[in-house]
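Visitor: no letters, just coordinates:
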């Protein structure tokens, strides 16, 4: 089956359906605000915050190492995509029902254990689905439709997220813990299930079978690709340095709880600011998608990521604390659009699935840094954490130059 204009257009709208309804669910399970706030309210420590952030931000990519050999041997991956999404729905629904049922049944320790178990299942199944998602997407859209799709997807997502942010804030402050989080996750499960209906409409173009026999052979392929493709190695180093920018906002929630005593209403406001930033940034990139290259976007992420921690070191004021979540929304949007798009540029239809696994296996620092940060903050304070964060981000400038994005 060849990719025609008609099939590409069908898939374009199928993926947009998923993006729109995922957006309506996303704020009810936001990894930067809702989930860390829930964990803190459940009695979580800074180490718990760091560990859960590592699982949800970096661990998902790392787990792709184990799934890629299996999926690389499959010409069609739509069934695996739907399987991963459905497991995520079950995990969210399970967490919501657990929190609702356990509100008067057990203590914080038990709740935290189940939060980690179900959130790990949620994240790992997302990594499993993500491999199929990216590979099918790369084969389902014509090249001329990719950048408009990523930008328009972000616009649709941001608008949906903006609507859901309002309702998520109402649920967050309208109920006491843990009922508020229970309803948030139940609604998120329903939204994610609806979003997955878009994938049933996809007309998948079969891909090549790589016939990888086990992890050892796959690791040999990974090392060979890294040695022979300099752009891939630069991309890996960029993901490891600039990728920690996505781990900052959960620690900002922790900072706000400890330093300012922020409330659930404040968390709802920060979520809204993050979403508004995503709408503005996504709309801007969509409008100028044919003019803006990825290199300036990566530099913008670096500069903003440096500004947040350094400004907190110089001037800490609760009155302007929300600004950092607005900037965090800009970082999140720019990073998600650019890093996924660049992977499509670095790879091709023959090696894309392998490269997804390469990136997952090589995403070491986004896994280690949040865990280390969770240990570092109680020992040495936020100042040392912010300085270390800024130091690592600085290295991304080198790798951006080496990557030399052409588009």
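Guide: The structure has been received and is ready for your questions. Keep in mind that this is a model prediction, so the values were computed, not measured.
Visitor: now do the helices in the stretch 51-200 of the chain.
Guide: Secondary structure of the stretch 51-200 of the chain by DSSP state H, counting those that start in this stretch: the helices cover 60-72, 78-101, 108-140, 143-174, 179-195, 197-200.
Visitor: tell me how many other residues crowd residue 173.
Guide: Residue 173 has 15 neighbours, counted by other Cβ atoms under 10 Å. Every residue, glycine included, has its C-beta placed from N, CA and C.
Visitor: which pLDDT does the model give it?
Guide: With respect to pLDDT, residue 173 scores 85.
Visitor: before we move on, which element is residue 296 in?
Guide: helix 294-314 (DSSP states H and E).
Visitor: just how off-centre is that helix within its chain?
Guide: 18 Å (Cα atoms, centre = their mean, to the nearest Å).
Visitor: tell me which helix or strand of the chain sits lowest on mean pLDDT?
Guide: Least confident element among the helices and strands of the chain, by mean pLDDT, DSSP states H and E: helix 352-362 (a mean of 64).
Visitor: would you mind measuring from the most centrally placed residue in the chain to residue 126?
Guide: Geometric centre of the chain, nearest residue: residue 57, 6.1 Å, by Cα atoms, centre = their mean. Shown here: residue 57 relative to residue 126, a distance of 11 Å by Cβ to Cβ, to the nearest Å.
Visitor: returning to that earlier point: contacts for the helix holding residue 296?
Guide: Outside of helix 294-314, the residues within contact range by Cβ atoms under 8 Å, 6 or more residues apart in numbering are 238, 242, 245, 248, 252, 255, 285, 324, 327-328, 330-331, 334-335, 337-338, 341-342, 345, 382-383, 385-387, 389-390, 393-394, 396-397, 400, 403-405, 407.
Visitor: tell me the buried residues in that helix?
Guide: Applying a neighbour-count criterion of 16 or more other Cβ atoms under 10 Å, one finds 294-295, 297-298, 300-302, 304-306, 308-309, 311-312 buried in helix 294-314.
Visitor: elements contacting the next helix or strand along the chain from it?
Guide: Beyond helix 294-314 in the direction of the C-terminus, DSSP H and E gives the next helix or strand as helix 321-346. For helix 321-346, the elements it packs on are helix 108-140, helix 143-174, helix 230-242, helix 248-259, helix 264-287, helix 294-314, helix 352-362, judged by 3 or more Cβ pairs under 8 Å, 6 or more residues apart in numbering; DSSP states H and E.
Visitor: could you dump these to CSV with distance to residue 99?
Guide: Below are those laid out as CSV (distance: least, Cβ to Cβ, whole Å):
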stretch, distance to residue 99
helix 108-140, 7
helix 143-174, 12
helix 230-242, 33
helix 248-259, 18
helix 264-287, 15
helix 294-314, 31
helix 352-362, 30
